[in-house]
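**Student:** Provided below are the primary sequence and the corresponding predicted coordinates.
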Amino acid sequence: MRILIYALARTGSTTLGRYVANSLGYKYLSEPYCEFSKIENKNDMWELSNVVVKTIHNQIDINPTEIFKKFDKVIILTRENIKEQSLSFHYASENNQFLKPYVLNDFKINEDKFNNLLNLFDIYTNELLNLNGFHTTYESIYEKADKLNQLDEYLEIKDKKYRYMLNSENRYRKTSKSEFKLI
C-alpha cells in the first residue's frame, strides 16, 4: 500500500508520518521534494510499495489531485487553530528550528509577518478542505484524539503500540510560565 500525508506546515505531519510508517512497518519519506531532501532519485518515490510519503502543500509544482492518484490512501492534515499554526511557523522560520522542541520565551512577534502567515494558512486550509481524502486536524490527533480510531481503521492499523508517538506531551512547542497566549 502507498500512503500520502498531504499537509500544511506545523500540523504534526512529521510525527504522524512516523507513526503510520512504524505502525505498518513501511518506509517513511518526509518531504521528498523539499530543497533539503536527502532522497537521491525523487522519481523512484512514485514506484515504491509499502511507503508513507509526507509532503507539504505547495511544496511540489504538481496539482494535488494528480499527486493523489499515485497513492492508495491519502490523509489531508490541517489545523483548526490557524493562529497557533501561524505563530509556530513564524517562530520556526525566524529561528530555523522546525524539528526541535522550543519555548516561546521572549519571542518577538513581527505583526506583519504573523498576519501574512495567518492569511496564507487560512487560504491554504480552505484549499485543502476542498480536496478528496481522509481529512483530519492537528487538534483531532494530538489534543482531542477523537479521530485516531477512524484514522487507524482507514489505514488498517491494528497494532496500537505506537500510539504514544501521538501524545501531546511530545509536541515540539513546550510551554513555560512566562509564555503569553494569543487571543
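**Tutor:** Sure, I can see it.
**Student:** Spit out the contact partners of residue 114.
**Tutor:** Counting by CB atoms under 8 Å, 6 or more residues apart in numbering, residue 114 makes contact with 86, 87, 90. No exception for glycine: its C-beta is placed from N, CA and C like everyone else's.
**Student:** Filter those down to the ones in helices?
**Tutor:** Judged by DSSP state H, the subset of the contacts of residue 114 located in helices is 86, 87, 90.
**Student:** next structured bit after whichever strand or helix holds residue 3?
**Tutor:** Taking DSSP states H and E as the definition, one finds residue 3 inside strand 2-7. Using DSSP H and E, the helix or strand that follows strand 2-7 in sequence is helix 13-24.
**Student:** following that following helix, which helix or strand comes up?
**Tutor:** Next along from helix 13-24, by DSSP H and E: strand 27-30.
**Student:** Residue 166 touches residue 148, doesn't it?
**Tutor:** Yes - applying CB atoms under 8 Å as the test, residue 166 and residue 148 come out as touching, 6.9 Å apart.
**Student:** which residues are in contact with both of the two?
**Tutor:** The contact sets of residue 166 and residue 148 overlap at residue 141 (CB under 8 Å, 6+ apart).
**Student:** now the longest helix that the chain contains, how far from the chain's geometric center?
**Tutor:** Determined from DSSP H, the single longest helix within the chain is helix 111-129. For helix 111-129, the separation from the chain centroid amounts to 15 Å (computed by CA atoms, centre = their mean, to the nearest Å).
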